[in-house]
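> Any chance you can model this:
(one chain, ligands or ions: 1)
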Amino acid sequence: MHFGDTIMQWSEQLAQFSEPHWAEKGQLTVTYLTEAHIATGRTLGALMREAGFDEVSTDAVGNIVGVYHGQSHSAPHLLTGSHYDTVRNGGKYDGRLGILVPIAAVRDLVQRKQRLPFGIEVIGFAEEEGQRYRATFLAASALTGAFDPAWLAQVDSDGVTMQQAMQHAGLPGTLEAIAALKRDPTKYLGFVEVHIEQGPVLCEGALPLGVVTSINAGIRATCKTIGMAAHAGTTPMLMRQDAMLAAAEISLMSEQRALADADSVATVGQFQVPGGSINVIPGECSFTLDMRAPTDQQRDALVSDILKQAQLIAERRQVKFEYTEVMRAAAAPSDLAWQQRWERAVAAVGLPVFKLNSGAGHDAMKLHTSMPQAMLFVRGGNRGISHNPLEIITAEDAELTVQAFIALLDDLVARPSEL
Ligand SMILES: [Zn+2]
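Just a heads-up that it's a prediction; the model follows:
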């Protein structure tokens, strides 16, 4: 089981770098361009060099890029990779697994002295989690030409601008250098990403691998209900304009509406009664709504139904309902041909082909705007918990993942006419 053990060992090697305050507690926190982040990137580069990549470099946003040429240097590249930053007190496999698996596959090609009809370009994306700066997916955005110039001036909680952080890390910190990272899609076959599932579906189904059919579309909103604060003792139940109860009813209605669909989800993650007191009927309640579905149409129907129902609830309870959309992301359905390549790769390693959609956002969502993409999910233990130190995979599953990645490469070689 040499691939599986290698992946587990490399994951530990990367996990030794954590930011000081967190490292003391034995926790893993690696946010954009901190010392721990730079050390993690340097280690990834070293792993790529040791594996035998032809070119290894750090680009202008801190991505670690390894290229293993095809039979000819001008052959198109298969693009793959994932992110190496983490959330605060995160897990060792979220993101990193999708960089380490293709490194192991390339190392295997090098050891067998094999060149493919296409090159393999592995990217360790420097940023995906949006922790230090509110610039989620900035690393993948640079590759698609969607890096927002305003991000450079953004400050972290210590007042350090992104540009200063880049320059401190030895990067140019200029828009010109970042613009040059944009990839020409005609030079790529497509983008594939391996990622830990971060949910319970594969674990509960006793399935090591799953093929992603779509990355969910999502809308996030901040909401408010405004009623009338009044005396909790003297106001009869039927004469109240209770803002909290209206928000609670809207929350429960959202749950029911999401349940009515296959694969829709709706979540109220924050819920507050500002300035509330034990003996006052809530005059105001603020809460959030996060609504996701596998397609844009399904998400739009979900959101529109929830909004209509929320209005009716507000009218019946004589409160005002305010809704402000703060985020909107389009669905990224997998490219069918690439999805089928993953399906054949999973079958080739002797596993059942199981398909699922991704509730979480991933780098592939950004690459989706410039080239065909499809993802492979790997089972997480502990019921798939992620963004948590309990995140875990087994060496057996890591072994199967590398084998499936190699099977995907074999499939591409075997069916060149399909490209
Ligand atoms: Zn991730």
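
> Quickly find the element holding residue 225.
Element membership for residue 225, per DSSP states H and E: strand 217-226.

> Identify the residues contacting that strand?
Identification of contacts with strand 217-226 by C-beta atoms under 8 Å, 6 or more residues apart in numbering yields 243-244, 246-247, 250, 283-296, 298-299, 303, 310, 314, 319-331, 361. Where you see a C-beta, it was placed from the backbone N, CA and C, and this is true even at glycine.

> So what's the gap between it and the chain middle?
Centroid separation for strand 217-226 versus its chain: 21 Å, with C-alpha atoms, centre = their mean, to the nearest Å.

> Sheet partners, orientation included, of that strand?
Its sheet considered, strand 217-226 pairs with strand 284-293 (antiparallel), strand 320-329 (antiparallel) by DSSP bridges.

> What's the first helix or strand after it?
Next in sequence after strand 217-226, counting helices and strands by DSSP H and E, comes strand 230-231.

> Against which helices or strands is that next one packed?
strand 280-281 (3 or more C-beta pairs under 8 Å, 6 or more residues apart in numbering; DSSP states H and E).

> Among the strands paired with strand 217-226, which one carries the weakest average confidence?
Out of the strands paired with strand 217-226, strand 320-329 stands lowest, with a mean of 92 (criterion: mean pLDDT).

> in the protein, which ranges drop under the pLDDT threshold?
For the chain, applying pLDDT under 70 flags the ranges 1.

> Could you check how far the residue nearest to the spatial centre of the chain is from residue 274?
Among the residues of the chain, the one closest to the centroid is residue 362, at 2.9 Å (C-alpha atoms, centre = their mean). From residue 362 across to residue 274, the span is 35 Å (C-beta to C-beta, to the nearest Å).

> for residue 398, same thing?
Distance of residue 398 to residue 274, computed by C-beta to C-beta: 47 Å.

> Likewise for residue 16?
Distance, residue 16 to residue 274, using C-beta to C-beta: 43 Å.

> can you give me the strands for the stretch 101-250 of the chain?
119-125, 188-196, 209-215, 217-226, 230-231 (DSSP state E, counting those that start in this stretch).

> Using PDB, write out every CA atom in the fourth one.
Translated: strand 217-226. Output of strand 217-226 as PDB, limited to C-alpha atoms (Å, rounded to 0.1, in the frame of the first residue of the first chain):
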ATOM      1  CA  ALA A 217     -25.500  27.000  -6.500                       C
ATOM      2  CA  GLY A 218     -25.900  29.200  -3.500                       C
ATOM      3  CA  ILE A 219     -27.400  32.400  -2.200                       C
ATOM      4  CA  ARG A 220     -26.700  33.900   1.200                       C
ATOM      5  CA  ALA A 221     -28.800  36.700   2.700                       C
ATOM      6  CA  THR A 222     -29.000  38.700   5.900                       C
ATOM      7  CA  CYS A 223     -32.600  39.100   7.100                       C
ATOM      8  CA  LYS A 224     -34.500  41.100   9.700                       C
ATOM      9  CA  THR A 225     -38.000  41.000  11.100                       C
ATOM     10  CA  ILE A 226     -39.300  44.100  12.800                       C
END
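
> Residue 411: helix or strand, and which one exactly?
Applying DSSP H and E, one finds residue 411 within helix 395-414.

> got the angle between that helix and strand 119-125?
Interaxial angle of helix 395-414 relative to strand 119-125 (axes from the mean of the first three to the mean of the last three C-alpha atoms, to 10 degrees): 140 degrees.

> where do the helices sit along the stretch 301-419 of the chain?
336-348, 363-367, 381-384, 395-414 (DSSP state H, counting those that start in this stretch).

> Let's have these in CSV, adding distance to the ion and mean neighbour count.
CSV is the format used below for the helices of the stretch 301-419 of the chain (distance: least, C-beta to the ion, whole Å; neighbours: other C-beta atoms under 10 Å):
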stretch, distance to the ion, mean neighbour count
helix 336-348, 18, 19
helix 363-367, 8, 25
helix 381-384, 13, 14
helix 395-414, 15, 20
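
> Which one of those helices lies nearest to residue 162?
Among the helices of the stretch 301-419 of the chain, helix 363-367 comes nearest to residue 162, with 17.5 Å by C-beta to C-beta.

> And the residue of the stretch 201-350 of the chain closest to the ion?
Nearest residue of the stretch 201-350 of the chain to the ion, counting by C-beta to the ion: residue 215, 11.7 Å away.

> Buried ones in the host helix or strand of residue 14, by neighbour count?
Per DSSP H and E, residue 14 falls inside helix 2-15. Going by neighbour count (16 or more other C-beta atoms under 10 Å), the buried part of helix 2-15 is 3, 4, 6, 7, 8, 10, 11, 14, 15.

> May I see the strands paired with strand 217-226 arranged in TSV, with distance to residue 31 as well?
Converted to TSV, the strands paired with strand 217-226 look like this (distance: least, C-beta to C-beta, whole Å):
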stretch	distance to residue 31
strand 284-293	22
strand 320-329	20
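
> Need the winner for burial among those strands.
strand 284-293 (a mean of 22; mean count of other C-beta atoms under 10 Å).

> how about it as CSV, C-alpha atoms only?
The C-alpha trace of strand 284-293 is given here as CSV (Å, rounded to 0.1, in the frame of the first residue of the first chain):
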residue,chain,number,x,y,z
GLU,A,284,-36.6,43.0,16.2
CYS,A,285,-34.8,39.8,15.1
SER,A,286,-31.9,39.5,12.8
PHE,A,287,-30.9,36.2,11.1
THR,A,288,-29.1,34.8,8.1
LEU,A,289,-30.3,32.4,5.3
ASP,A,290,-27.9,30.2,3.3
MET,A,291,-29.8,28.4,0.5
ARG,A,292,-28.1,26.0,-1.9
ALA,A,293,-29.2,23.6,-4.7
